[in-house]
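Participant: sequence-free structure coming up:
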């Protein structure tokens, strides 16, 4: 059982970081369809950074930069040029898929991808606390980026609900004219939010590559950005809720791995559909009751 | 679907001139500028990787147009993008962000393969037609599922179409592991389809009959958008939902129609790839096709016929990229970067109507 929950937490971590980024972006009024590309770019940058600088910390910092780069692209095209959020996000994902695949081969100087194999980040047990039965191994013996995700989740909740900047960000997603009237600049808020979204989602990518596998492969995010997007909508744009939604997806996937392990005669392809079908079912179940930020996807007017 | 549109317009169908380009001069100029900028940006990327961009582009051009066989290859690559892209463009035009072509294409391939494999041999004259129809049907059904969830439960169409893509790809694998699979093949594929179901090919070029089919589809859609009451209603809905409601056009009816048409065309794209190129259903035969269709559709949303040059551009890029990688050693993944950059520039250059 502890193994199962630990697996759920492990699978949920990259989703949660991406979802937190997405909440920043969507609460400011820009759809976060580009999460997949931001994660992928972060996963790539962190592995290459850690490999080149022989330092995991450099990898983590570069993941922030890599994800933020995609964020900058999305921010310019959607906020400055007022392009459709959905299509721009999808395009950013295609760009990230191509760019990471191209650069991985260009770095090796030819047609073959560069092979980098690093040791995945080890857990950092917290002394004393990790001795508590059940809770200790589950919550106090985690790898570093997982702690960061938990702290980030609580921090984002506090930022959005308890700070002036958080209020401005939420207002930009609801009523940018009011934000403008109050003396802030909605365009700057949106650009910053989308770039921050990229950085945080990039960290989610680093969890996959740097913390869990130790290598980068083409398209390794495999749709997790889209699942993160679904989970933040299910959670109605709340960080804590997003954590629960991601844990639910993590549990679904962990359960699937379990089933395969026990040799239950269910086709693995059918079982692999579970997270997507669950996401659709939950979204459909929520239906009309989920209220989006009022001006999400609406371009800002100026001149 | 079009009952509510003014009936008088249908008489104008007689005076049709489908090839008339409606792109405003400035819009065409902007798209050209976007394409030029993306070429410059990708040349920089090639240079950064230590290769000569001019040599790379020359190798690409030669790979795409160097011989009749390569021209045929490029046309075959462009065909599914043209088919699926036309449908997605129609959705974009109507303000429906359908990005489910990926899954609809994959299921179209399943439909085509299933019909081709189980079609009675006595009627083999009709095998190819039946398989194409099967592909279109499966694609349309998958689109219908996404539309039903979207309209019935008010889940954004981007999410329903996107999540169903992943399910569709797994469904293809499941059918290949089960009913359609060839046992002992080593990986997931169907047995070879009977020859009667293969698409006719131009000798020497190797281009299959899918390309003319796709051209007809693109021309028909252009006609529909500009010259029919239904096209008018979807253009109004795409510009302003409110105006459409005021004019009495039913938004759900428009969404259903464009989604079903787009699904059928995407399914046809999958069928054409299976019947014309692969001659069997193979796992991942259409990986990334749906997103290429979105690339192509970005231009097609401005002018339906613009999907033709856009699809040819992407098809030639991909045909050329293979030989560029072989000859100069520039990774062919560069093509995806070029596509992504071009799309972004096009998106930024063609600011949507407010």
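Facilitator: Yep, it's here. As the structure is a prediction and not an experimental result, all values here were calculated from the model.
Participant: can I take it that residue A:222 is in a strand?
Facilitator: No: judged by DSSP: H, G, I helix; E, B strand; the rest coil, residue A:222 forms no part of a strand; its state is coil.
Participant: separation between it and residue A:77?
Facilitator: Here the criterion is Cβ to Cβ, to the nearest Å. By it, residue A:222 lies 25 Å from residue A:77. Where you see a C-beta, it was placed from the backbone N, CA and C, and this is true even at glycine.
Participant: have a look at those two and say which one is more surrounded.
Facilitator: residue A:77 (24 against 14; other Cβ atoms under 10 Å in any protein chain shown).
Participant: show me the contacts for that one.
Facilitator: With contacts defined as Cβ atoms under 8 Å, 6 or more residues apart in numbering or on different chains, the neighbours of residue A:77 are A:83, A:88, A:91, B:344, B:347, B:348.
Participant: for the helix or strand where the third one lies, could you pull out the residues that count as buried?
Facilitator: Spelled out, that is residue A:91. According to DSSP states H and E, residue A:91 maps onto helix A:85-108. When neighbours are counted by 16 or more other Cβ atoms under 10 Å in any protein chain shown, the buried residues of helix A:85-108 are found to be A:85-107.
Participant: check those residues one by one and keep those near chain B.
Facilitator: Taking Cβ under 8 Å from any Cβ of the partner chain, the overlap between those and the neighbourhood of chain B is A:86-88, A:90-92, A:94-99, A:101-102, A:105-106.
Participant: pLDDT below threshold where in the chain?
Facilitator: Since you didn't name a chain, this refers to chain A. Applying pLDDT under 70 to the predicted model, the residue ranges of chain A that meet it are A:110-111, A:263-265, A:287-290, A:302-303.
Participant: switch to chain B, please.
Facilitator: Along chain B, segments meeting pLDDT under 70 span B:1-26, B:185, B:351-354.
Participant: nearest residue to the middle of it?
Facilitator: Taking Cα atoms, centre = their mean, the centroid of chain B lies closest to residue B:84, which sits 2.2 Å from it.
Participant: could you find the closest non-adjacent residue to it?
Facilitator: residue B:293 (3.7 Å; Cβ to Cβ, 6 or more residues apart in numbering or on different chains).
Participant: near that neighbour, how many other residues are there?
Facilitator: The number of residues packed around residue B:293, counting by other Cβ under 10 Å, is 33.
Participant: what strand or helix carries it?
Facilitator: helix B:289-300.
Participant: what does the stretch 51-200 of chain A put close to chain B?
Facilitator: A:73, A:76-77, A:80-84, A:86-88, A:90-92, A:94-99, A:101-102, A:105-106, A:109-111.
Participant: if we go to 7 Å?
Facilitator: Taking Cβ under 7 Å from any Cβ of the partner chain, the part of the stretch 51-200 of chain A that reaches chain B is made up of A:73, A:77, A:81-84, A:86-88, A:90-91, A:94-95, A:97-99, A:101-102, A:105-106, A:110-111.
Participant: what sits against residue A:295?
Facilitator: Under the criterion of Cβ atoms under 7 Å, 6 or more residues apart in numbering or on different chains, the neighbours of residue A:295 are A:29, A:173, A:174, A:175, A:176.
Participant: turn the residues you listed into JSON lines, including neighbour count and secondary structure.
Facilitator: What follows is these, written out as JSON lines (neighbours: other Cβ atoms under 10 Å in any protein chain shown; DSSP: H, G, I helix; E, B strand; the rest coil):
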{"residue": "A:29", "neighbour count": "32", "secondary structure": "coil"}
{"residue": "A:173", "neighbour count": "27", "secondary structure": "helix"}
{"residue": "A:174", "neighbour count": "16", "secondary structure": "helix"}
{"residue": "A:175", "neighbour count": "16", "secondary structure": "coil"}
{"residue": "A:176", "neighbour count": "24", "secondary structure": "helix"}
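Participant: taking those residues together, which two end up most distant?
Facilitator: Of all pairs drawn from the contacts of residue A:295, the one with the longest distance (Cβ to Cβ) is A:29 and A:175, at 9.5 Å.
Participant: how many residues are close by residue A:269?
Facilitator: Here the count is done by other Cβ under 10 Å, and residue A:269 has 19 residues near it.
Participant: check which helix or strand the residue nearest to the centre of chain B maps to.
Facilitator: Assigned by DSSP H and E, residue B:84 belongs to helix B:68-93.
Participant: so which elements touch the helix or strand just after that helix?
Facilitator: Sequence-wise, the next helix or strand downstream of helix B:68-93 (DSSP H and E) is helix B:101-118. Secondary-structure packing of helix B:101-118 (3 or more Cβ pairs under 7 Å, 6 or more residues apart in numbering or on different chains; DSSP states H and E): helix B:68-93, helix B:127-153, helix B:157-177, helix B:251-273, helix B:289-300.
Participant: so how far is stretch A:160-174 off the chain centroid?
Facilitator: Mean C-alpha position of stretch A:160-174 versus that of the full chain (Cα atoms, centre = their mean, to the nearest Å) differs by 20 Å.
Participant: in chain A, which helix is the longest?
Facilitator: If you go by DSSP state H, chain A has its longest helix at helix A:2-27.
Participant: does any bit of it sit next to chain B?
Facilitator: No: Helix A:2-27 stays clear of chain B (Cβ under 7 Å from any Cβ), getting no nearer than 11.7 Å.
Participant: circling back to that earlier point, so the residue nearest to residue B:84 makes contact with residue B:86?
Facilitator: No: because the distance of 8.6 Å does not satisfy Cβ atoms under 7 Å, residue B:293 is recorded as not touching residue B:86.
Participant: how about the residues of the stretch 151-300 of chain B by chain A?
Facilitator: B:153-155, B:158-160, B:162-163, B:166-167, B:170, B:173-174, B:177, B:291, B:294, B:298.
Participant: and the strand or helix carrying residue A:259, what does it pack against?
Facilitator: Here residue A:259, judged by DSSP H and E, is contained in helix A:239-261. Contacting helix A:239-261 under the criterion 3+ Cβ pairs under 7 Å, 6+ apart are the following elements: helix A:2-27, helix A:144-162, helix A:224-234, helix A:268-272, helix A:274-286.
Participant: what angle sits between the second one and helix A:239-261?
Facilitator: With axes from the mean of the first three to the mean of the last three Cα atoms, to 10 degrees applied, the angle from helix A:144-162 to helix A:239-261 works out at 150 degrees.
Participant: circling back to that earlier point, which residues touch the helix holding residue A:259?
Facilitator: For helix A:239-261, contacts defined as Cβ under 7 Å, 6+ apart pick out A:4, A:7-9, A:11-12, A:15-16, A:19-20, A:23, A:153, A:156-157, A:227, A:231-232, A:234-235, A:266, A:268, A:271-272, A:274-275, A:278.
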